[in-house]
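Trainee: Predicted model and sequence below, questions to follow.
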Amino acid sequence: MSSKKTEGGPVNTSSNSSMALSGVVVVLLVDYWTQHRAWGWMRLIQGAAAFKDVPGLLFVKVMGSGHGGGFGLRPSGSHQGLICLFESEQKAADFCQGPHVRAIVDHAREHWLSSMAVTSARGQWDEQAWGVTPNDCLIEPQDHPESALTSGLVAVLTRGTIRPAKALAFWRYSPPAQKELNTAKGCCLAMGLGEAPLLRQCTFSLWSDTDSMVAYAQTGAHKLAITAAYKNDYFAESMFVRMRVLSMSGVWHGKVHSVAREVQHG
C-alpha cells in the first residue's frame, strides 16, 4: 500500500482506503533539560512538518505529556513523545541513527528510544487503522512472531479521541488508573501523551511480560475506566496496539534500557 504522511498523520493514496498501514513503529520519549525546554516546545509547534522529508515514514505524531510524564491535566514543560510508523525496519533504523533523533537526544536530560513490530492492533488513529508488521519488512524475520504474545518484552500503545461532552466524566477515572499503573507489577515504564489538551490522549507502556500487562488491563481501576469508557461512549475514535521490542536504548527515570539488534545503516 502506498501512503504519505501529512501534518499529524497519513494520507492514503491507495484505491482501497480501508487497508491498514503496516510497518515498524518507533517511539522516542524525552525529558528535556530545563535550558532546552523552549527548543522542545518548538518541536511541538512544528509537529509533523519537521519530518516531511524523512524516507519511509508513513505516520508521525509529536506529542506533549502530563506533569512528570504522567497522565494528569497539568502539562509538563519538559516531557514529550514522538511516535512514528515506518515502511520497514531498515528505514526505522536509519531514522533512529539520523539527525532528527540525534538533535532531540542532544537536548534531552533523559530519553528512551525503541523500534517495535506490531503483533496486534484494533481501532483507528486519524481514521486510519494499523496492521500487524509484515515479516518481509523486518531485517531478521521471525518464523513465529505470535510467540511475542506469550514471552519477552511487550509494548502497548493506547489512544483515544474523547468526546467533548464526555471529557469531565472520562478524566474522573484517570488518577486511580495512573496510580495503579505506576506501581503495577511488570511495568518497566509508562508515559501519558497528548495531541491536544483534554481530548486527544495516548498512553505508552512497556511490560516485562504479557501476563503482567494483561493483569493490569483486566483488573482494578483500569478495568473500571475502560468499562465505563465503552459503556458510556466516551471515545469518538480509539486504537489499541500491542508490539514486541526489536531494539531499545536510553535512560528513563534513572534506569538504563538496552536491547540491541544488528542493523546496517544506509
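Mentor: Now that the structure is in, tell me what you want to look at.
Trainee: average model confidence for the helix or strand containing residue 160?
Mentor: Assessed by DSSP states H and E, residue 160 sits inside strand 154-162. If you average the pLDDT over strand 154-162, you get 95.
Trainee: Next: stretch 120-129.
Mentor: 97.
Trainee: For that stretch, measure first residue to last.
Mentor: 11 Å (C-alpha to C-alpha, to the nearest Å).
Trainee: I'd say residue 51 and residue 100 touch.
Mentor: Yes. Contact criterion C-beta atoms under 8 Å: residue 51 and residue 100 qualify, at 6.5 Å. From N, CA and C alone the C-beta is placed, and that goes for glycine too.
Trainee: Check the chain for its longest strand and report it.
Mentor: strand 235-252 (DSSP state E).
Trainee: List the neighbouring strands of that strand plus their orientation.
Mentor: Sheet pairing of strand 235-252 (DSSP bridges) gives strand 108-123 (antiparallel), strand 154-162 (antiparallel), strand 255-259 (antiparallel).
Trainee: out of those, deepest packed?
Mentor: For the strands paired with strand 235-252, average neighbour numbers computed from mean count of other C-beta atoms under 10 Å are highest in strand 154-162, which has a mean of 22.
Trainee: With just CA atoms, put that one into PDB.
Mentor: Listed next in PDB are the C-alpha coordinates belonging to strand 154-162 (Å, rounded to 0.1, in the frame of the first residue of the first chain):
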ATOM      1  CA  VAL A 154       5.600  -6.300  25.500                       C
ATOM      2  CA  ALA A 155       4.900  -2.700  24.500                       C
ATOM      3  CA  VAL A 156       1.400  -1.200  24.400                       C
ATOM      4  CA  LEU A 157       0.100   1.900  22.800                       C
ATOM      5  CA  THR A 158      -3.500   3.100  23.500                       C
ATOM      6  CA  ARG A 159      -5.000   6.300  22.300                       C
ATOM      7  CA  GLY A 160      -8.400   7.900  22.100                       C
ATOM      8  CA  THR A 161     -10.200  11.000  21.000                       C
ATOM      9  CA  ILE A 162     -12.600  11.900  23.800                       C
END
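Trainee: immediately after that strand, which helix or strand?
Mentor: helix 167-171.
Trainee: Now do that next one: everything it contacts.
Mentor: Residues outside helix 167-171 that contact it (C-beta atoms under 8 Å, 6 or more residues apart in numbering): 73, 162, 198, 199, 228, 229, 232, 234.
Trainee: any idea of the mean pLDDT for it?
Mentor: The model assigns helix 167-171 a mean pLDDT of 88.
Trainee: Next SSE downstream of it?
Mentor: Counting by DSSP H and E, what follows helix 167-171 is helix 174-182.
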